[in-house]
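Peer 1: Need a 3D model of the following:
(chains A and B)
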Amino acid sequence: MYSLTSSRLMTGNEAVAYAVKQADVDFISAYPITPQTIIVERLSEYVSSGEVDAEFVPVESEHSALSACIGASLTGARVFTSTSSQGLALMHEVMYIASGLRCPIVMAVANRALSAPLNIHGDHSDIMGSRDSGWVLIFAENPQEVYDYIIQAFRLAEHPEVLLPVAVNLDGFTVSHSSEPVAVLEDAVVRSYLPRNPRPRLEYEEPSSFGVFALPSHYFEFKVEQERVLRRAGELVEEISRAYPNSHGRLVKLSKFNEDGRIAVICMGGTTGTVRHALKHHGLEDFSLISLKLFSPFPGKELLEALSEAEGVVVMDRATSPGAALPPLASNVAATLYEGGVSLPLLSVVYGLGGREPTLKMVLEMLDKAEERLRARGRAVSRMYLGYGGGVA
Amino acid sequence: MFLGRGGQGVVTAGRIVAEAALRAGLFSQSFPEFGPERSGAPVRSYVRISDEPIYTRAPMENFDVAVVFEERLLDSAIMESVRSGGIIVLGSESTPELPRGDIKLFVIGARRILEELRKPRSLNLAMIGALCSATKLIPLQHVEDIVVRRFGEENREVVRRAAQLVVSVEQTA
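Peer 2: The predicted structure follows:
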């Protein structure tokens, strides 16, 4: 398998652009100014140098970027865009249209905080604001996963039974701007992994309508069908990843580390690596780590299996959900446990808002206090803000 | 940890070292200090090198090696953040005393090298050359190859000469 690959140093942003280049996209549209990343800058270079045979359409806003992507996608083109933070917030309205029109667009989101106060640093607030938009949401832990998941995202999005947009999330800065070795596939290998499947599209010869008006008599059915298709996308993850030529890079719904640990820590994105490091190098055998790669559709069945031996669960959210019972990931985990008839004490940890990256010391402190909090007065749910005010609150 | 000023190629330095480590068969990670970058203001970049996969993405608070591009940037906070037994590689034309006896100081007269070679903007490359000799963490040859590929043959000598001229300063403290 290594004969197919070579390693080179890449930032998460560069890994995205390289994967998109190899995916032979036909159309890229993006708003090219802040809060954009290097991703589209690299892609525009690839297009201008002829390394990618694609239309690159710079537009005046992210709303227009995703709108242009929808138009292109409906012609049958392979389409990519990327954004961050306020840019994603501005796309919010159009995200629902992309999924409702079953456009297999792939988007990279370098996750960053939302204003106000103004902040350019990393957290998951942006994508969590659009988590009900009907997109497949994947979270990558490092530049290698970013590269592998972008390629697999195209295969999943364009699967004839799916035809849904996919967002690959990478933590702003800690993954998007960090350079690490990335094993890349040969161009030809990627091309053969991503064949062009025929799909319903706009054609002069056979006119059809997309984006029709659906009154109360039909709208409900559309939405329930869309939900069913999103679930189906989850079922197909294994099929599309099994075919991925680098077996080390296959997209999984979740991965486990330290499987025998009694207390499971669930985390998404770059911070998962810091927790992994803490468990590995500090001999914390009481804890297992579940790195969740697929957030939507939420892999409830796999999570319940992964938690079958757990005595408690720590859920790390890099976003808040003000006014809600729990933040986004914890809320999904709690609902999954409830649905599975499993009663486990749950510690909901909010961390890293606005770029307050968890230090190793903070992670160790969280783990140190976790057991005590999980057992506190027999409460089912307890809460922690990691790094708030410089400590654990 | 590399510490210099915006515009001196601090981020690039980290990236070159990480790439050289990768060529040497090691695992590496490099990242800038996140946030707005201003020309002339102090800037840091960070590199982790290991013979096993690197998982952590935690910010770095302590360092085994600090490469400080100019003496005025070497303050007490930097000095304290170097681990015991660690190394400071300093760009300086003089040989300062460190308040700590448990770290090694290497000094490179980078300015003079750059003047002689008429490469005033290659301070970062001189600092990497000095780092290679001082620490033996990464082979000079890999750094030279990367530098020549990215910045041209005429910068090879900057790296080489800095590697030759870096000196260890005995600490008495």
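Peer 1: Helix or strand: which one has A:Asn13?
Peer 2: helix A:12-22 (DSSP states H and E).
Peer 1: which residues sit against stretch A:37-56?
Peer 2: A:11, A:13-14, A:16-18, A:20-21, A:24-30, A:32, A:58, A:72, A:80-82, A:84, A:108, A:110, A:176 (CB atoms under 8 Å, 6 or more residues apart in numbering or on different chains). C-beta: built from backbone N, CA, C; applies to glycine.
Peer 1: And stretch A:183-201, by the same measure?
Peer 2: A:2, A:4-8, A:18-19, A:22-24, A:74-76, A:78, A:104, A:144, A:147, A:151, A:154-155, A:158-160, A:163, A:208, A:243-246, A:248-249.
Peer 1: does chain B sit close to stretch A:316-333?
Peer 2: No - on the criterion CB under 8 Å from any CB of the partner chain, stretch A:316-333 is out of touch with chain B, staying 12.2 Å away.
Peer 1: The contacts of stretch A:183-201: which ones sit near chain B?
Peer 2: Checking the contacts of stretch A:183-201 against chain B (CB under 8 Å from any CB), the matches are A:Ser7, A:Arg8.
Peer 1: Could you tell me which of the contacts of stretch A:183-201 belong to helices?
Peer 2: A:Tyr18, A:Ala19, A:Gln22, A:Leu74, A:Gln144, A:Tyr147, A:Ile151, A:Phe154, A:Arg155 (DSSP state H).
Peer 1: out of those, which one sits closest to chain B?
Peer 2: Nearest to chain B out of the ones in helices among the contacts of stretch A:183-201 is A:Gln144 (CB to the nearest CB; 9.8 Å).
Peer 1: what's the closest non-adjacent residue to that closest one?
Peer 2: Ranked by CB to CB, 6 or more residues apart in numbering or on different chains and with sequence neighbours excluded, the top spatial neighbour of A:Gln144 is A:Val182, at 5.1 Å.
Peer 1: Contacts only, for the one you found.
Peer 2: A:Ser7, A:Arg8, A:Leu9, A:Met10, A:Ala15, A:Tyr18, A:Pro143, A:Gln144, A:Tyr147.
Peer 1: could you flag which of the residues you listed are buried?
Peer 2: Among the contacts of A:Val182, those classed as buried by 16 or more other CB atoms under 10 Å in any protein chain shown are A:Ser7, A:Leu9, A:Met10, A:Ala15, A:Tyr18, A:Pro143, A:Gln144, A:Tyr147.
Peer 1: Save those as TSV, and put in pLDDT too.
Peer 2: Output for these, formatted as TSV (pLDDT from 0 to 100):
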residue	pLDDT
A:Ser7	90
A:Leu9	96
A:Met10	97
A:Ala15	98
A:Tyr18	98
A:Pro143	98
A:Gln144	98
A:Tyr147	98
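Peer 1: any chance of those in JSON lines, plus distance to A:Leu66?
Peer 2: As requested, these are arranged in JSON lines below (distance: CB to CB, whole Å):
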{"residue": "A:Ser7", "distance to A:Leu66": "33"}
{"residue": "A:Leu9", "distance to A:Leu66": "31"}
{"residue": "A:Met10", "distance to A:Leu66": "26"}
{"residue": "A:Ala15", "distance to A:Leu66": "22"}
{"residue": "A:Tyr18", "distance to A:Leu66": "22"}
{"residue": "A:Pro143", "distance to A:Leu66": "25"}
{"residue": "A:Gln144", "distance to A:Leu66": "27"}
{"residue": "A:Tyr147", "distance to A:Leu66": "23"}
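Peer 1: could you point out which element follows the helix or strand where A:Ile39 lies?
Peer 2: Element membership for A:Ile39 (DSSP H and E) is helix A:38-48. Moving toward the C-terminus from helix A:38-48, the next helix or strand (DSSP H and E) is strand A:55-58.
Peer 1: Any buried residues in that next one, and which?
Peer 2: Going by 16+ other CB under 10 Å, strand A:55-58 has these buried residues: A:Phe56, A:Val57, A:Pro58.
Peer 1: same thing with stretch A:156-163?
Peer 2: A:Leu156, A:Ala157, A:Glu158, A:His159, A:Val162, A:Leu163.
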